[in-house]
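Q: For reference, the sequence and a predicted model appear below.
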Amino acid sequence: MPIDDFRPTLALRVGVTGHRNLSPQTCQQIRPLVRAMLEQIKGSAEQAALKSRGVYNTHAPAILRAISPLAEGADRIFAEEALALGYELECPLPFHCLEYRNDFTGEVSRRQFDDLLAKAIAVFELDGSREDAPAAYALVGELVLDQSDMLLAIWDGKSARGTGGTADVVAEAQSRRIPVVWLQTDSGEAGLIFTPDEGENGGRSNQGAIDERIRETVWRRLLPPKGPDPASPLNAAERLLAPVLALVWRLFEEALTVGVLRARGPAGSPSESTDFQRQYARLDGLASRLAGLYRGAFLLNYVLGVAAVLLAILGGAFPKWEWPPACESLLISIIIVLIFFLHRRRWHTRMVDCRYLAEQLRIWCWSYPLGLFPERQNLPAQYLHAERWESWVEWHLRAVARRTPMPAATISSSYLERHCKAIRKWVRGQIHYHERNAARLERMELVVQGLAWASIAVAFAAALLAWLGRTAIENYHPLLLFFTAGFPAASAAAHAISTQGEFPKLAHRSEKTARLLWSSLAGLTLGGPSATANLRRQTGDLAQLLLAEVADWQILYRKPPPPPG
């Protein structure tokens, strides 16, 4: 498959929040400013595409999307200007379409709404209730932020007059670290741009400064970080080694867990096809191959190290034998090659990064039908290749999210029930996986520690026999040396395999995760005043629970590869 098929398409999403009741004079003042801001964002994205050649898919055109609920006033000015500049339009609506039309006074306004809606590539109709209209407007504001990389706020700067107002949306955007460009309705000028680094301290800027800050903000989101990409394809040598080392680890694991059910991977995604599924499948496969490389390499590193020690003992005990030194040299050569690949190709860090990416995308497969992108875990900076917001992990996640359009759906009770049922099935799959995984890891730890103790016991018995009966068994001294010197090395290797594999900690984490998921599953319901908001919240909580487990796994495994055996 061409490598472009795995590269993300360059895309950028711009959302809008603003006032409805704008005077004709205000609309006339801000329209050219809205167009200028959208032109600047578009130009900055096109420049980013040129600066990042080879990173994005070269066979797919850049995508610019405008996210607007199409309310009267600011939302419509934004949508009209975006469409005129070639943006794609996506529309989250607080109510079903026919009900939402009742918000608009006059046939002209409704016809304008219908015309714009017909041009949208995706319409997501929420099931808001007129009995709690503020909650419906607040939820659509959240959905705009879920789908936006930048936010254009057409706003007078005053506090919100009700729940879900412009001020609330701007505050929520800042808490999510979404850059906000503020067009002031009172002066008809470009005002502040809030960025994740500056908060509200950006200060009033002239148009040139605003343009420069927009360019920097767009580039910061679109340009890839420096350093090696953990999701880059395996090279030729790795593709040759991958099945061999994966087989080594699989045989080791199966030998130690005879009689324990294998932990099958949990269900990957719903039946609906999304870009998240495709990217998840790719990264899941890459993470599995890297895991096989890493685990097989560190296992062979220790096993071959013990074998080299035993061969050295045999060579010293039987000088006339020529094969032990030759075999020992071969084993040491293999160890050197494995250590070279472990350090040079960073199998351990690439494995954890790709697994974290894959699991994040797996979760998005289930939250996507609700228009939800759960917030990422805040990993400590020392566990990433760069500062979190500039890491390759975060860049990949944002790139896949940006190019995936909003779901085109009408939320209904049957839609929510169907999706809730699918989430339950997904969670049960996660529970069964973690329960079986914990059982297998506990068995592996038990057997490995048993081998460590058995090896040291044999070495102790051999040493005791050599000391007490050294005269009677003088002819067997070389054989005893094999046990007294070689088996302590075998015991140390078994202990090192246990330490590097982190079997007890991983088993404990899987046990705890399974218990927490059982509790979450019991509380998964569609009750409450807003079924959609309730299910989104519960899905977000489940996502955070699973991401916390993956993040903890990432931190646990993000350690130096094993030293030479």
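A: Structure's in. What do you need? Numbering: from 1, shown residues only.

Q: Can you mark which positions in stretch 77-84 are buried?
A: For stretch 77-84, burial by neighbour count (16 or more other C-beta atoms under 10 Å) applies to 77-83. Where C-beta positions appear, they are placed from N, C-alpha and C, glycine not excepted.

Q: again with stretch 459-470
A: 459, 462-463, 465-466.

Q: before we move on, the earlier item: out of the buried residues of stretch 77-84, who's nearest Asp275?
A: Closest to Asp275 out of the buried residues of stretch 77-84 is Ala82 (22.1 Å), distances taken as C-beta to C-beta.

Q: Name the SS class of the nearest residue to the closest one once chain neighbours are set aside, please.
A: Leaving aside its sequence neighbours, Ala82 sits nearest to Ala66 (C-beta to C-beta, 6 or more residues apart in numbering; 3.4 Å). Following DSSP: H, G, I helix; E, B strand; the rest coil, the label given to Ala66 is strand.

Q: ok, Ala66 - contacts?
A: Residues in contact with Ala66 (C-beta atoms under 8 Å, 6 or more residues apart in numbering) are 13-16, 38, 78-79, 82-83, 87-90.

Q: Including distance to His348, could those residues go into CSV?
A: Shown next, in CSV, are these (distance: C-beta to C-beta, whole Å):
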residue, distance to His348
Arg13, 34
Val14, 38
Gly15, 38
Val16, 44
Leu38, 44
Phe78, 46
Ala79, 48
Ala82, 45
Leu83, 48
Tyr87, 42
Glu88, 40
Leu89, 44
Glu90, 40
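
Q: From these, which land in helices?
A: Under the assignment DSSP state H, the contacts of Ala66 contribute 38, 78-79, 82-83 to helices.

Q: Now distance to Gln147 and pLDDT too, for those, in TSV please.
A: Listed next are the ones in helices among the contacts of Ala66 as TSV, based on distance: C-beta to C-beta, whole Å; pLDDT from 0 to 100:
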residue	distance to Gln147	pLDDT
Leu38	16	95
Phe78	14	97
Ala79	14	97
Ala82	14	97
Leu83	17	97
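
Q: rewinding a little: among the contacts of Ala66, find me the one that's closest to Tyr557.
A: Using C-beta to C-beta, the contacts of Ala66 come closest to Tyr557 at Arg13, 32.9 Å.

Q: Let me see the domain layout of the protein.
A: The chain breaks down by automatic domain parsing into domains covering 3-222, 236-391+410-557.

Q: so which of the ones you listed comes closest to Arg402?
A: Nearest of the domains of the chain (C-beta to C-beta): domain 3-222, 4.1 Å.

Q: lowest confidence element among the helices and strands of this protein?
A: The helix or strand of the chain with the poorest confidence is strand 189-194; it has a mean of 68 (mean pLDDT, DSSP states H and E).

Q: Whichever helix or strand comes after that one - what's its average pLDDT?
A: Reading on from strand 189-194 to the C-terminus, the next helix or strand found by DSSP states H and E is helix 207-222. For helix 207-222, mean pLDDT rounds to 84.

Q: Using CSV, write out every CA atom in helix 207-222.
A: Only the C-alpha atoms of helix 207-222 are listed here, as CSV (Å, rounded to 0.1, in the frame of the first residue of the first chain):
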residue,chain,number,x,y,z
GLN,A,207,-3.9,44.0,12.4
GLY,A,208,-0.4,43.1,11.5
ALA,A,209,0.3,41.6,14.9
ILE,A,210,-2.9,39.7,14.8
ASP,A,211,-2.0,38.2,11.4
GLU,A,212,1.4,37.1,12.6
ARG,A,213,-0.1,35.5,15.7
ILE,A,214,-2.7,33.7,13.7
ARG,A,215,0.1,32.4,11.4
GLU,A,216,2.1,31.2,14.3
THR,A,217,-0.9,29.6,15.9
VAL,A,218,-1.9,27.7,12.7
TRP,A,219,1.6,26.6,12.1
ARG,A,220,1.9,25.4,15.7
ARG,A,221,-1.1,23.1,15.1
LEU,A,222,-0.2,21.9,11.6
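
Q: Quick check: what element follows that helix along the chain?
A: helix 236-256.

Q: Under the pLDDT cut-off, which ranges of the stretch 101-250 of the chain? List them.
A: When residues are selected by pLDDT under 70, those of the stretch 101-250 of the chain lie in 160-163, 187-191, 196-208.

Q: Would you mark the buried spots in stretch 33-45?
A: 33-38, 40-42, 44-45.

Q: does Gly164 sit in a helix or strand, and which one?
A: Applying DSSP H and E, one finds Gly164 in no helix or strand.

Q: show me the contacts for it.
A: Gly164 neighbours (C-beta under 8 Å, 6+ apart): 134-141.

Q: go on, Asp186?
A: Contacts of Asp186 by C-beta under 8 Å, 6+ apart are 156-157.

Q: Leu70 falls within a helix, correct?
A: No. Assignment of Leu70 by three-state DSSP gives coil, placing it outside any helix.

Q: neighbours of it, just the number please.
A: When counting by other C-beta atoms under 10 Å, one arrives at 23 neighbours for Leu70.

Q: Could I get the phi/psi values of it?
A: phi 60, psi 30 (degrees, to the nearest 10).

Q: Leu85 now?
A: According to degrees, to the nearest 10, Leu85 has phi -90, psi 0.

Q: Spatially nearest residue to it, not counting backbone neighbours?
A: Spatially, and ignoring its direct neighbours in sequence, Leu85 is nearest to Leu38 (5.4 Å; C-beta to C-beta, 6+ apart).

Q: Okay, now the unreliable bits of the stretch 351-500 of the chain?
A: 375-390, 469-478.

Q: if we can go back for a sec, now for the residue nearest to Leu85: which residues touch it?
A: So Leu38 contacts 14, 66, 78, 81-82, 85, 87, 152 (C-beta under 8 Å, 6+ apart).

Q: for the residues you listed, which one is nearest Ile497?
A: Nearest to Ile497 among the contacts of Leu38, with distances taken as C-beta to C-beta, is Val14, at 51.6 Å.

Q: circling back: quick one: which two of the buried residues of stretch 33-45 are the most distant?
A: The widest separation within the buried residues of stretch 33-45, taken as C-beta to C-beta, falls between Leu33 and Ala45 and amounts to 18.8 Å.

Q: Okay, and Leu183 sits in which element?
A: strand 180-184.

Q: elements contacting that strand?
A: Strand 180-184 makes packing contacts with helix 24-51, strand 150-155, helix 166-175, strand 189-194 when contacts are defined by 3 or more C-beta pairs under 8 Å, 6 or more residues apart in numbering; DSSP states H and E.

Q: Nothing else from me, thank you.
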